[in-house]
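Novice: Return atomic coordinates for the entry below.
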Amino acid sequence: MAIVIKIAKTSKELDDVYRLRHQVYVEERGKFSAVSAINPRIIDHFDAVPGVVNLIAYSDGIAIAAMRVNEDTGIGLPAEQYFDFSEFRAEAEKKNKEIDAKKRKPLKFVSGSMLVAHEDWRNRRNVLFAIFKAFGWAITSMGATHVLGSIAEDTLSLYKRIGFKVVGNAEWRDSVQDQMIPIAAAYDELTDWAFGDLRKKVDNFWLDNFCGDFERILLSPGEVLFDQGDVASHTYVVDEGCIAISRTDPEGNEMVFANLARGALFGEIAVFDGERRSAKATALMNTELITIERSRMFDSLKHDPEHMTQLFQHFARMIRNANELTMVQAFSPQTARVNFALRELWRSASPSRKQEGVREIRIGPAQIARNARVREDEVRKVLESRRSEGVLEYGNNIIKFMCDPDDGLGGDSSLDESLV
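Specialist: Prediction:
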């Protein structure tokens, strides 16, 4: 069952957030003993200040995780009710003044708090990390420059992994009944982990204009995101994992014509032209998607004409890429088609977590052959050739790129000659 992470907006979604806090902190962990058992919710005054955002994760309609995001409104942040961050703020101000005036941005502090995950989900499907990624997009929309937090000391290793640093000594807090520690991070340090190279792979039109409204979907291997003929309501970006796009003909034969990896945008055509989905989208492995809802996109385009210009530019690039693909498949020999496919796979591949400088993508020779419309033996010949050049290594279900395939071909000119 897919996991959906979204901003809680309805009264029910907000109530689910408050109830989940009580369930995790009071019932499961025995914290916040002063909270009434008669009203099984945890709510404080920071839930009522302007600009507060509550993120919530659902699995099959059940709330499984949540996190609160506050921007500084002059009354302090949730983290500052436990610790004094004035020294950190002053240091940030000092560093900001040292930046060239033309590049300097006004400082904006935000805070993450009330992170909770149901005990059945704390170590499953990277739910907490997905919440942190959603947090990253939320603070981006707020224009944050620094993030403050006060956390339970036993969760420190989790926060260190995503870029936070300790900025003070741990202290016991009776109100929470826990050993707390102050942490902080500059925006860039946190979002380097959350976004990685995604900003380079996805058109800025989507990231800059809609990041405050992103939802996230976590899919298991084999799980269907949408089916051929479904009504289109969202546009998607692959953050982690891989999505297979396939189509079934009237005889019931299914053909996979694309495997989409990190950074791939898909589903936007049907959202704008009002047609039903022309293909099926299926997760090939554990996959995380960023989603943008149809009505939100239309609202943005109505209120800002500049967004319409950016959208036209996006579709113009799509048409240009489609034309290039058509020319390759119509007039190029099989070897050139495979090399073209490898170039596109390189662009979609993700940095390896185990081998520095290596990029990898979950796809094999058989799938490349179907996508490029060539024989599998021709694909394997090209792969063996590129392996001997030191460009890549491959298996039945994975390709690891040691360098840009164009570099291995001696530059774009050699590749262009093979397409003639």
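Novice: from here on, contacts and neighbour counts on C-alpha atoms
Specialist: Fine.
Novice: Spell out, range by range, the helices that occur in the stretch 201-350 of the chain.
Specialist: Shown for the stretch 201-350 of the chain, the helices assigned by DSSP state H, counting those that start in this stretch span residues 204-210, 268-273, 294-303, 305-331, 334-348.
Novice: Kindly export stretch 378-391 (C-alpha atoms) in CSV.
Specialist: Taking Å, rounded to 0.1, in the frame of the first residue of the first chain, the C-alpha atoms of stretch 378-391 are listed here in CSV:
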residue,chain,number,x,y,z
GLU,A,378,23.0,-5.7,-30.3
VAL,A,379,22.5,-4.1,-26.9
ARG,A,380,24.9,-6.5,-25.3
LYS,A,381,27.5,-5.9,-28.0
VAL,A,382,27.4,-2.2,-27.3
LEU,A,383,27.5,-2.7,-23.6
GLU,A,384,30.6,-5.0,-23.9
SER,A,385,32.3,-2.4,-26.1
ARG,A,386,31.6,0.3,-23.6
ARG,A,387,32.7,-1.9,-20.7
SER,A,388,36.1,-2.5,-22.5
GLU,A,389,36.4,1.3,-22.8
GLY,A,390,36.0,1.7,-19.0
VAL,A,391,32.7,3.6,-19.5
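Novice: Least confident of the helices of the stretch 201-350 of the chain, on average?
Specialist: Least confidently modelled of the helices of the stretch 201-350 of the chain is helix 305-331, at a mean of 61 by mean pLDDT.
Novice: Quick check: buried residues in stretch 270-286?
Specialist: The neighbour-count check on stretch 270-286 (16 or more other C-alpha atoms under 10 Å) flags 270-271, 276-286 as buried.
Novice: neighbours of K95, just the number please.
Specialist: Neighbourhood size, K95 [other C-alpha atoms under 10 Å]: 9.
Novice: What's the first helix or strand after the one helix or strand it maps to?
Specialist: Using DSSP states H and E, the element containing K95 is helix 86-97. Sequence-wise, the next helix or strand downstream of helix 86-97 (DSSP H and E) is strand 109-117.
Novice: elements contacting that following strand?
Specialist: helix 11-21, strand 62-71, helix 127-142, strand 146-152 (3 or more C-alpha pairs under 8 Å, 6 or more residues apart in numbering; DSSP states H and E).
Novice: Can you give the distance of the first one from its chain's centre?
Specialist: Per C-alpha atoms, centre = their mean, to the nearest Å, the displacement of helix 11-21 from the mean C-alpha position of its chain is 24 Å.
Novice: Name the next helix or strand following that helix along the chain.
Specialist: strand 53-59.
Novice: same for that next one, what does it pack against?
Specialist: Partner elements for strand 53-59 (3+ C-alpha pairs under 8 Å, 6+ apart): strand 3-7, helix 11-21, strand 62-71, helix 127-142.
Novice: Pick out whichever of the buried residues of stretch 270-286 sits closest to I3.
Specialist: N286 (11.3 Å; C-alpha to C-alpha).
Novice: That closest one is in contact with L218, isn't it?
Specialist: Yes - between N286 and L218 there is a contact at 7.3 Å, judged by C-alpha atoms under 8 Å.
Novice: How far does stretch 351-361 sit from its chain's centre?
Specialist: 18 Å.
Novice: Show me which positions of it end up buried.
Specialist: In stretch 351-361, counting by 16+ other C-alpha under 10 Å, buried: P351, V358, R359, E360, I361.
Novice: show me what contacts the second one?
Specialist: The contact partners of V358, taken as C-alpha atoms under 8 Å, 6 or more residues apart in numbering, are P351, S352, K400, F401, M402, C403.
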